[in-house]
Each structure stands twice: as C-alpha cells, then as structure tokens.
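Chemist: sequence? don't have it. structure:
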C-alpha cells in the first residue's frame, strides 16, 4: 500500500464531556499520568501511577474496538498487525476486544483466522503464542450490511455481552475503515442503536480515515454527518503521517534545541521544499483516484500538515489545544500565488521506464477514462504571510511514478552574504540545507560546505546524516500503532481538527477551480521527476528542486 | 562482521584501530548514542555480549566488555574488536591481566565516546557500592542484577544502603510488565486496598521488591509468600468490602486478572530476555526515583522483620 492509501480519521478532544462523568475524568487523569502528570490528581485517581515512574507505559483502559471494513487492505496490512503489536508491547488492556463488521458469512473463528494471517504476515514484532491467545479470546465478528438494521441490533447486543464477559465497561471505539460514502449510513446506524451515546462513566469514539471530503463544501457536509452524532471531541481523524516518529521529531528538533530557532525565519531561510514522491502508479486505487488527483490526495492533508509543523510558532504546551491552535494560525496565514498559472504546476504520468521496468501511462491504466484530466503530479508555491516567514516561498510537490519513493522536508538557507574565497574556489558550493527525511530512510541531513582536502582552498557541499531509532525497524513503532493507542487512550494532539481540515481545503479549492478551467495536465514520462512546468516554476524564482 | 585482535596492546592503539576500521568500512561517522561498559567474567561474556548487541539495535552504542583474567600473570591487555553489518555499534572485548585488573578504568576512560552518556552493567557479581567503583564512577547509569547474587533477596534488600542516584537493578526492570498491569487495573476505580500478598519462587528478589513498591504506593502491609515459581506467580490485593484483586501467572507467559464484580481476563505477561531488560534500562538515563523509594521501603520492611 502506498502511504497515500491510508485512510483517515476524524478527531476529537477527549476530556471535557457531559456533566457528572467523574469516573471517566478520573480514569483519564490516571491514564494520562505518565505523559502530562499533575502529581496530586493522578495519585489520588490511582495510587500506582506516579509521574516520576517513566517505565510504566500509557496503557489504554478496557475497551472494544469495532472495525468496519475488516476485509480491506488497510485492515489487513496495517490495523490488525498494529493491534497485535500493541498487545505484544503490553499496551492493550486486559479484556481488550476486537469486533469485526463486514458483509461476510463468517463466524468468530473465521475472523480470528483472518486476523491471525494478517498478524503473521505483517506484524512488526515477533509472533508470541501468549499474546495471540490474549488477543484471540477477545475477537468477535458481526456479519451484515451497513443498511441492515438487524445487523446493527446484533452488534449492539454483542457489545453488551462483551461488556459482561470481558469487562470492557461500555467503552467503544468505532473505526470506519470504509469509503466515505458509507459514513452517513454507518453513523446513522450507530445513532439509531444508541451505540453513539456513551452512558455515564464510559466513552464512545469514532475514527475516520481520509479523504475528509474532496473540497471545503463536502468536508463540511461530512463533518455535519459525524458531528450530528458524535461531539467533535469524540471524532478522531487519522492522518497517519502524524504518527510517524520523524514527524513528531520535527517538534523536538525545533522546540527542544537552541541551535535552529535563531535561523528558523526569513532572515536566514531562502525557501522550503516539501516533497512526497511515489514510485508506484495508481494501481488498485483507480476508482478512488480518478477525479481526485494528487493535490487532494496528498497536498491537502499530509503536505499541509508538514508545512504547519515546520512553520508554526512554539505552542504553549504539547496538549492538543495549543498544538492545533498554532497549526491553525499557520494554515490561516498561508497565501496562494497571485498568478495561479505560474505559481502551480501539474502533470500526468505517461508511458515510460520506472526503475528498470516498462510501465504504462496514467490514461492506459485499468479503470481510468482515456480522456481523464486528473493530475498525478502537483506542485504549488505557497507563502506564509507572517512576520517570521514573509517572502519565503514554500514549494510543495507530490507525484506518482516518479523515479523513487521519498518524502522529505528541506529547509534551504540563504547563501553567505560574502565569501572571502575566490569565485573559482566556491564555484560548486551550493546552499546550506537542513533536511528532515520522513521516509523511507527516516532521519535528518545537514548539508554544508567543506574544504576539499588538498593544497587548494576548494569548498564543496557535503552531507551530515543522522538516523536514530527509526533506522532499526524492530524497535520503532509503526505510525498506526501510535495512533490507535492514542485513540484508545483518548489523546488527540496527533489528530487534525475539523478546523484544520477546512483551512486546508480553503487553500486548495481555488487551485483546483483554476485547474478545472484550464485544460489538461502536462504529461511527464514515468520514472522522471515530473513535468517541465514544475521545474520552470522554480526556475522563474531562480531556484531548482532538490534532486532526490 | 569484521573481527580484529590486538594482543599486548594499549587503549590508544585500540582507539586508532577502531577509527581505521570505521573508515575502511566507509562509515566514518559516529552515530552511536552511548557507551555501554559491561564488567563480566569469561563464562558470562557470551550471553552479556549477545544481550548488549541486541539492545544496541534500539540504542546504537559502543560496547566495552571488561573481562578480568588472572591477576598473577604479568600485566597485559588483549583486545578483540568487532565492527560489522550485523550490529549497528562497535564492540571491544578487553581482557586484563596482572595488576591491570585493578586499573580497568585507565583502559576504559580513553575509549568512552566523547560527551555521550556512559552506562555500566554488571550482569554477574557487582561491587559493593557500584557508584564508588572506579568504572561505576565513570557511568551515569549503573545496572546490577540481584538475581545473579548467591542470595538474591539479601542483595536487593541491601541495595538501599549503597544507593546513589543512577543505580538500578534488573530485579526492578523485570517488574515493569507486572507493575504496568497492576497500574492499568487500578486506572478503573477498584476501592481501597487493605493488605496484600506477593507470591514468587523462593529466593526471587523481584517478589519482595514488588511487595515493597505496593506497600509504598498503597501504604498498607504487604507480605511475601513462596510458591513453586517460575518467577513471580501471583499478586493478591484485598480490597475493602469487595473481595480480592488477583493477578496470577503459573506458566511464566499468560496471566489472569481477576477483580471483584468483573469477569476474569487473560493477559500476556511473558518473562523477558536480558536484551529487552537492557534496552528498557537504556531508554531513560535519568535517576529512577521510584526505584529508590521502593528499595528504601524494602530495607525498612526487612529491618522490621516483615519479610
């Protein structure tokens, strides 16, 4: 699965809640002790928790995860393995139960078998019999269609029964790993059966995956569907990029160090390039992708979120509210190019050679209409209109069938104002850069000039690399593990708020409208770095894309 | 994996060989985050090193293994250097002979990575006061293992008297999954605990330590009882007016959590290999204050004859 396949979620702020929910507040306080830590209250809630006790992991309370769309790719490749991995790390509560819901004539054992196979094949941590035993005891399956009232009544009964046999206390998370067109039906069913309504002392959460609409209007409509039933604080929107270790490390890099902050502004930064390149084509996602395109699929969520994290001011704390507030401020300050014709570029991959294999063009892909105007490559030049960033362009690009798979954020610095070397000595000296590599090889690269050994004073660019944790796969958690755990604990900072979703569409909608009125995307051969117009866009500014 | 043997050598020769090997392998940058010094005997060397290299996958480190050989031999330092693709860091086995066995720190000091944390680990016997040991003094974190002592319970009970911030013991690390499960059980309101019992195999130092921690947190009397093992087998906490909360584990893999008014639930609670214990220790390098309070409470309990 490509990174863009991952579904998305809605999010929620977890704490406040209906009056008289003391028990839940206490539970939450205890569960969050390890992270936030207000000593007196946590100790009172649970004498075994101590903010100084950093060995104790955050463990979710007893709950049931109800998974809609268990037969999909996302469930098999990411969600089910991530649940097992959480169990293996001791982060799932005793009694944790998993309910699958799908249009299949399965018994509990059949679903358990599907889960077993998914775990065996895709889990990150080694298979352990006792962990599987713990997990499999709580696996249930509910067959049915989304518009079948009877099936949801069965689901409701089943959950009540699980509460009794497994002690899950009425805490349910509903994970909608299904296409958005089914959201209204499923959510209406949850409302009808009363499953969306949490009794005192328990919680109900809904997790949704991208796309959150295809423009501002549809995003709002989608939100109306969920918010009519679930309060915003119970809606978790998943942007799996935010679960990645390196992305969270952007915050650590920026706000835990003194080294970067002084130069993190228009005084030193020349421009910023944010890239998400894929080497694969549209593949099995043709049905979804055609008519959506690269900008809606990737820029609207992943790239704008990365931009927000790189450009935002320091939050007053790392709780969900403060973090989102700062991200919103940046998204609000984003300014589109005045001339959309020269400030954006789009392309569509044509037949070519990618990594040594002949591949077909987008229009020849199965399920794509031969006159499709959907872009598979999109680039935009944005500015952030505030004191820190005024005049610094942020170039965002994404594309399919490019020469390699790579996601990175590059902060490119200005040239030194004066070079006390002869012009010949520094001819091949480029600009300093700090690159945050998001995937596949997660880490940080610093690029600077260094003297070439020898009697001449020749200066040339070199790279300094940092890779920690993420480079060793067996120990670094998958994004979905982190996000699932956060959902079960009820910790929302890593989930975008509806306001962020809407702000992102406000940025993208004018571009999409402009493109819709201006013909077709330019073709680019597969296996290259995109259309010539994208290079021209930077060339007009006297800059060039980093060759990745 | 490249192995390189240096006999009758010095720290500076080892250091330059390390640099040369790194350059030869085409990876001259030092991406390591800490130095792990393991003091061990020849018999325990293989297991300790295996655990350390496994842990180094999570924390790339320079691993220095100090093996003290015959003190009656002439002074001599032999080194075995391993740098390779299978392990992310570097390994140096140091074999010390003669009077040098008493001056291991003089060999270690020049080999520590510059300005990064140092962790000392004694998988077997450990000095009486780890922080005052010449090698322990170089380290910010000192890991001992009471279970390897002849009398594990006496060893862990005595730790409080030698404790200095930075000390920790595997008897404590082994408890993390138990403590985590118990803490999770109390995230839901349970009621007031009035007394409790921890059961474990005879001589298991983790059992009294867990009892001490629970005693410290709940401030109620805790007992330690012997069972057939393996390891810890059961924790029983009596809750005022509503029965008992029990975690029991007979097979060292799968535990059962029973609490008043709720169905029994099974949860994986496997004993962990040394490499995982070590990796957990290397994750946080600040003093473990909770461990300190637990061993102090344990010492107090022993003094009152309550063990």
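Modeler: Great, that's in hand. Nothing here was measured: the structure is a model prediction, and the numbers come from that model.

Chemist: name the SS class of residue 189, please.
Modeler: If you meant another chain, say so; for now it's chain A. helix (DSSP: H, G, I helix; E, B strand; the rest coil).

Chemist: what segments of the stretch 151-300 of chain A are helices?
Modeler: Along the stretch 151-300 of chain A, the segments classed as helices by DSSP state H, counting those that start in this stretch run A:183-192, A:216-227, A:245-255, A:286-289, A:293-294.

Chemist: and those helices, which is most packed in?
Modeler: helix A:293-294 (a mean of 24; mean count of other CB atoms under 10 Å in any protein chain shown). From N, CA and C alone the C-beta is placed, and that goes for glycine too.

Chemist: rewinding a little: rank the helices of the stretch 151-300 of chain A by pLDDT, which is bottom?
Modeler: When the helices of the stretch 151-300 of chain A are ranked by mean pLDDT, helix A:286-289 comes last with a mean of 84.

Chemist: what's the spacing between that helix and its chain's center?
Modeler: 20 Å (CA atoms, centre = their mean, to the nearest Å).

Chemist: quick revisit: for chain B, which of the helices of the stretch 151-300 of chain A is the nearest?
Modeler: Closest to chain B of the helices of the stretch 151-300 of chain A, according to CB to the nearest CB: helix A:245-255, at 12.4 Å.

Chemist: what lies in contact with that closest one?
Modeler: The contact list for helix A:245-255 (CB atoms under 8 Å, 6 or more residues apart in numbering or on different chains) reads A:241-242, A:260-261, A:264, A:306, A:309-310, A:314-315, A:318, A:409, A:436-439, A:442-444, A:469-470, A:476-477, A:494.

Chemist: and the strands in chain B?
Modeler: Along chain B, the segments classed as strands by DSSP state E run B:2-6, B:34-40, B:61-68, B:76-83, B:90-97, B:118-121, B:141-144, B:167-169, B:193-201, B:222-227, B:232-239, B:243-248, B:254-258, B:265-268.

Chemist: redo these as TSV? Include mean pLDDT and mean neighbour count.
Modeler: As requested, the strands of chain B are arranged in TSV below (pLDDT from 0 to 100; neighbours: other CB atoms under 10 Å in any protein chain shown):
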stretch	mean pLDDT	mean neighbour count
strand B:2-6	87	13
strand B:34-40	95	25
strand B:61-68	94	23
strand B:76-83	93	19
strand B:90-97	94	22
strand B:118-121	96	26
strand B:141-144	96	26
strand B:167-169	96	25
strand B:193-201	94	20
strand B:222-227	93	18
strand B:232-239	95	22
strand B:243-248	93	18
strand B:254-258	91	21
strand B:265-268	88	23
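
Chemist: distance to residue A:180 added to those, as a markdown table?
Modeler: Below are the strands of chain B laid out as a markdown table (distance: least, CB to CB, whole Å):
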| stretch | distance to residue A:180 |
| --- | --- |
| strand B:2-6 | 55 |
| strand B:34-40 | 47 |
| strand B:61-68 | 47 |
| strand B:76-83 | 52 |
| strand B:90-97 | 51 |
| strand B:118-121 | 50 |
| strand B:141-144 | 50 |
| strand B:167-169 | 50 |
| strand B:193-201 | 48 |
| strand B:222-227 | 54 |
| strand B:232-239 | 47 |
| strand B:243-248 | 43 |
| strand B:254-258 | 39 |
| strand B:265-268 | 36 |
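
Chemist: which one of these lies nearest to residue A:88?
Modeler: strand B:265-268 (7.6 Å; CB to CB).

Chemist: for whichever residue of the stretch 151-300 of chain A sits closest to chain B, phi and psi?
Modeler: Ranked by CB to the nearest CB, the top residue of the stretch 151-300 of chain A for proximity to chain B is residue A:167, at 4.0 Å. Dihedral pair for residue A:167: phi 70, psi 40, per degrees, to the nearest 10.

Chemist: what number of residues lie near the closest residue to it other than its chain neighbours?
Modeler: The shortest distance from residue A:167 to any non-neighbouring residue, by CB to CB, 6 or more residues apart in numbering or on different chains, is to residue B:262 (4.0 Å). Other residues lying near residue B:262 total 22 when counted by other CB atoms under 10 Å in any protein chain shown.

Chemist: you'd agree residue B:262 is up against residue A:164?
Modeler: No - contact between residue B:262 and residue A:164 fails when scored by CB atoms under 8 Å: they sit 9.2 Å apart.

Chemist: what touches both of these two?
Modeler: The overlap between the contact sets of residue B:262 and residue A:164 (CB under 8 Å, 6+ apart) is empty.

Chemist: tell me the pLDDT at residue 126?
Modeler: All of this refers to chain A. With respect to pLDDT, residue A:126 has a value of 88.

Chemist: try again with chain B
Modeler: As predicted, residue B:126 sits at a pLDDT of 93.

Chemist: contacts only, for it.
Modeler: By CB under 8 Å, 6+ apart, residue B:126 lies in contact with B:39, B:144-145.

Chemist: which one of those residues is nearest to residue B:185?
Modeler: Each of the contacts of residue B:126 was scored against residue B:185 by CB to CB, and residue B:145 proved nearest at 27.6 Å.

Chemist: mind listing what the closest one touches?
Modeler: Contact partners of residue B:145, counting by CB under 8 Å, 6+ apart, are B:122-124, B:126, B:169-171.

Chemist: closest one to residue B:211 out of these, please.
Modeler: Closest to residue B:211 out of the contacts of residue B:145 is residue B:171 (12.2 Å), distances taken as CB to CB.

Chemist: so how far is residue B:158 from that closest one?
Modeler: 12 Å (CB to CB, to the nearest Å).

Chemist: which of the two has more neighbours?
Modeler: Taking neighbours as other CB under 10 Å, residue B:171 and residue B:158 compare with residue B:171 leading, 27 against 18.

Chemist: can you pull the pLDDT of the more buried one?
Modeler: Looking at residue B:171, its pLDDT is 96.

Chemist: thought it was touching residue B:147?
Modeler: Yes - at 5.9 Å, residue B:171 and residue B:147 qualify as touching, with contact defined as CB under 8 Å.

Chemist: between those two, which contacts overlap?
Modeler: The overlap between the contact sets of residue B:171 and residue B:147 (CB under 8 Å, 6+ apart) consists of B:205-206.

Chemist: before we move on, the earlier item: can you redo the helices of the stretch 151-300 of chain A as a markdown table with distance to residue A:547?
Modeler: Compiled in a markdown table, the helices of the stretch 151-300 of chain A are given as follows (distance: least, CB to CB, whole Å):
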| stretch | distance to residue A:547 |
| --- | --- |
| helix A:183-192 | 41 |
| helix A:216-227 | 35 |
| helix A:245-255 | 21 |
| helix A:286-289 | 27 |
| helix A:293-294 | 20 |
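
Chemist: looking at those, which is nearest to residue A:46?
Modeler: Of the helices of the stretch 151-300 of chain A, nearest to residue A:46 by CB to CB is helix A:245-255, at 26.5 Å.
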